[in-house]
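Colleague: Next come a sequence and a model predicted from it.
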Amino acid sequence: MDFYQHLNYSIGNEDWNVEAQALRVKPGDHVICVTASGDRPLHLLMTDCAAILSIDMNRIENHLLDLKLAAITHLDYETYLAFLGGTETPHRMAIFQQLKPHLSHPAARFWEDNKNMLEKGIIYQGKMERLTNITSCISQFCRNDKIQTLFSFTDLNEQREFVAKKWDSHVWRLLLSAILINPRISKLFITDPGLNSYTDYASNPGQYIYSRMLRYLNNHLANKSALLQLVFLGKILPSAYFPYLQFGGYTKIRRDPARLRYQTTNIIEFLHTQTAHEFNGFSLSDIASYMPQNIFERLLHGIEKSAHPGARFCLREFMSKRTIPPALQATFRREDVLEAHLEKEEVNFVYRFMVGTIQK
Ligand SMILES: C[S@@+](CC[C@H](N)C(=O)[O-])C[C@H]1O[C@@H](n2cnc3c(N)ncnc32)[C@H](O)[C@@H]1O
């Protein structure tokens, strides 16, 4: 599938604070996660777990993780942030030459062949990030003043009033839901199965995403949401930086990066090859939204097979509607109160959660 031949995710769009509450990682834990933009495995390095295995079916996402890991380990914070594209610098190619000896051969070769992406600042070069860059240009062309005002609020009540009176208009709702955030349009740009194929939860995906965005704006400040900033500003403000882009996170992550290994393979089949009691935590992002129900059940059986009794799982969904079959509900002990809390707290407002403990 063409989707797995491109860099699709490069900066991240999931809230680590929410993921950490779901996983409750303990010292000594072995955690398996999905790589995507690399934020998940990097954030897991901020915990006291003993080992992290990061898996992605797309080798390019793992090449990006390799690059980010080398940059965080071998560069000072300012150079690291500038190299990735958080701040400006004309020296990215020289910095890349510095990092190359620390990369795996396949990653070094890939980035050597794709230097143009590094030159522009890699965290904004994923297909998803380039798509949101387009939505931000069109949005700013239509209502730049309102967008700047929205991200200027530090008081939620003032923001709520602005959203009700100035932001949420019929024409804007139509423009967004019918065009800018409509997966039926975005598939012309990115063939993301999670965005285009498995949307059985939302009869009108554009309106569904708009309603979740509005709910978010009535409960949280816009300047805290990385996803909202990507869609309307085309970049993330420091106020919404993921921990791996912040100095504190950078410092924690580079303490002991040797705990992290990554692999390019299908995580479902990989889990079925594992021995029992292998993993204490499953941080699987929204891959549930990348497969039909029967494959999802095969994923659940793989988790069940490789989980340590008491292991934690965090499964996100975008617009899919997966269910844990009755035969597995005693094993996958979900926590609906926590799930509802995380769904409301997640600053990247599109996710629903299946969170809990594996009983074996
Ligand atoms: C689940 S999303 C993650 C997007 C996420 N919101 C982010 O930005 O980090 C997509 C990632 O999962 C990977 N993926 C999807 N299905 C997979 C599978 N069965 N095995 C391994 N990786 C998979 C895709 O290649 C992609 O990088």
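Modeller: Thanks, I have it.
Colleague: Could you list the residues of the stretch 251-360 of the chain in contact with the ligand?
Modeller: Within the stretch 251-360 of the chain, the positions lying close to the ligand (C-beta under 6 Å from any ligand atom) are 266-268, 285-287, 290. The C-beta positions use only the backbone N, C-alpha and C, and glycine is treated the same way.
Colleague: residues in contact with the helix ranked longest in the chain?
Modeller: As assigned by DSSP state H, the longest helix anywhere in the chain is helix 127-150. Helix 127-150 is contacted from outside by 6-11, 13, 123-124, 159, 162-163, 166-167, 172, 175, 180-181, 186, 189-190, 192, 217, 222, 230-235, using C-beta atoms under 8 Å, 6 or more residues apart in numbering.
Colleague: Sort out which of those residues are buried, if you could.
Modeller: 7-11, 13, 123-124, 159, 162-163, 167, 172, 175, 180-181, 186, 190, 192, 217, 222, 230-235 (16 or more other C-beta atoms under 10 Å).
Colleague: ok, and which of the residues you listed reach the ligand?
Modeller: 8-9, 13.
Colleague: what does the stretch 101-250 of the chain have sitting close to the ligand?
Modeller: So far as C-beta under 6 Å from any ligand atom goes, the stretch 101-250 of the chain lies against the ligand at residue 194.
Colleague: ok so, going back, from the residues of the stretch 251-360 of the chain next to the ligand, keep the buried residues only.
Modeller: By 16+ other C-beta under 10 Å, those give 267-268, 285-287, 290 as buried.
Colleague: which element is residue 73 on?
Modeller: helix 59-74 (DSSP states H and E).
Colleague: Parallel or antiparallel, which strands does the strand ranked longest in the chain pair with?
Modeller: For the chain, the longest strand by residue count, based on DSSP state E, is strand 307-317. With DSSP bridges as the test, strand 307-317 is paired with strand 279-283 (parallel), strand 352-358 (antiparallel).
Colleague: right, so of the ones you listed, which gets closest to residue 33?
Modeller: Closest to residue 33 of the strands paired with strand 307-317, according to C-beta to C-beta: strand 279-283, at 3.8 Å.
Colleague: what mean pLDDT does that closest one have?
Modeller: Per-residue pLDDT over strand 279-283 has a mean of 98.
Colleague: And for it, what's in contact with it?
Modeller: Strand 279-283 is contacted from outside by 19, 23, 25-26, 29-34, 40, 44, 49, 53, 303, 306-308, 310-315, using C-beta under 8 Å, 6+ apart.
Colleague: run the last query once more with 6 Å
Modeller: Counting contacts by C-beta atoms under 6 Å, 6 or more residues apart in numbering, the residues outside strand 279-283 that touch it are 23, 25, 29-33, 40, 303, 306-308, 311-314.
Colleague: same question, stretch 95-115
Modeller: 63, 66, 70, 74, 83, 118.
Colleague: how far away is the residue lying closest to residue 163 once chain neighbours are set aside from the ligand?
Modeller: In this structure, residue 163 finds its nearest non-sequential neighbour in residue 217, 4.9 Å apart by C-beta to C-beta, 6 or more residues apart in numbering. Residue 217 sits at a distance of 20 Å from the ligand (criterion: C-beta to the nearest ligand atom, to the nearest Å).
Colleague: Report pLDDT for residue 217.
Modeller: We have a pLDDT of 97 for residue 217.
Colleague: would you put the C-alpha positions of stretch 175-186 in PDB?
Modeller: Taking Å, rounded to 0.1, in the frame of the first residue of the first chain, the C-alpha atoms of stretch 175-186 are listed here in PDB:
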ATOM      1  CA  LEU A 175     -16.000  25.400   4.900                       C
ATOM      2  CA  LEU A 176     -14.300  23.300   7.500                       C
ATOM      3  CA  SER A 177     -16.600  20.200   7.600                       C
ATOM      4  CA  ALA A 178     -17.200  20.100   3.900                       C
ATOM      5  CA  ILE A 179     -13.700  20.900   2.700                       C
ATOM      6  CA  LEU A 180     -10.800  21.600   5.000                       C
ATOM      7  CA  ILE A 181     -11.200  18.800   7.600                       C
ATOM      8  CA  ASN A 182     -13.200  16.500   5.300                       C
ATOM      9  CA  PRO A 183     -11.400  13.100   4.900                       C
ATOM     10  CA  ARG A 184     -13.200  12.700   1.600                       C
ATOM     11  CA  ILE A 185     -11.200  15.700   0.400                       C
ATOM     12  CA  SER A 186      -7.900  15.000   2.200                       C
END
